[in-house]
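Undergrad: Coordinates only, no sequence provided:
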């Protein structure tokens, strides 16, 4: 049985389970990509529910146990309202989270990816136009390739990064938004 811990992280995936539970994957600062079960998170009286939206930065405490662990307490630190109001920003961020889910190993600490993803979301939150959003997405995609040890595309400035990530992960991206 693994010990409980507290950490900060980004909700990168949320899947409903059963009548009232949710499976949640969180990109944490100190523990990497971790899967959790949020018991009762879909109930109307749940205090966890409003904090478990995708792309929310949360502070949480997990219970003891094996994978998947239980989320005991959750509170929002930042919920990025400007990203969630803009369809193109949301699509790009969800594509990036899909890539991170497909390329990052589970439960391996990677503070640099966490901090880079935080900086990426903060920059997207403040971005004024679509051209800046596309540039930021491309920069983060190239950083992720370099950081995870994958070879860069032949023409890093012009090649389609979505197709390149699809070939690396051997699966189609649901929302290929990286230009």
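TA: Noted; the coordinates are in hand. For clarity, every value in this text was computed on a predicted model and none was experimentally measured. Numbering: from 1, shown residues only.
Undergrad: right, and residue 17 touches residue 37 too?
TA: Yes. If you go by Cβ atoms under 8 Å, residue 17 and residue 37 touch, sitting 7.2 Å apart. From N, CA and C alone the C-beta is placed, and that goes for glycine too.
Undergrad: Packing partners of the longest strand along the chain?
TA: Longest strand in the chain, counting residues (DSSP state E): strand 5-17. Strand 5-17 sits against strand 21-28, strand 32-38, strand 57-62, helix 87-103, helix 111-126, with contacts defined as 3 or more Cβ pairs under 8 Å, 6 or more residues apart in numbering; DSSP states H and E.
Undergrad: Can you give the contact residues for the fourth one?
TA: In other words, helix 87-103. Contacts with helix 87-103, where a contact means Cβ atoms under 8 Å, 6 or more residues apart in numbering, come from 10, 12-13, 25, 27, 33, 54-55, 82-84, 113, 117, 120-121, 124, 127, 130, 133-134, 137, 140-141, 144, 148, 150, 162, 165, 168-169, 171, 173-178.
Undergrad: Pull out the buried members of these.
TA: Buried subset of these (neighbour count, 16 or more other Cβ atoms under 10 Å): 10, 12-13, 25, 27, 33, 54-55, 83-84, 113, 117, 120-121, 124, 127, 133-134, 137, 140-141, 144, 162, 165, 173, 176-178.
Undergrad: more neighbours, residue 17 and residue 37?
TA: The neighbour count for residue 17 versus residue 37, taken as other Cβ atoms under 10 Å, is higher for residue 37 (19 against 16).
Undergrad: quick revisit: put together JSON lines for the helices and strands packed on strand 5-17, with distance to residue 5 on each row.
TA: Converted to JSON lines, these look like this (distance: least, Cβ to Cβ, whole Å):
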{"stretch": "strand 21-28", "distance to residue 5": "9"}
{"stretch": "strand 32-38", "distance to residue 5": "9"}
{"stretch": "strand 57-62", "distance to residue 5": "6"}
{"stretch": "helix 87-103", "distance to residue 5": "21"}
{"stretch": "helix 111-126", "distance to residue 5": "15"}
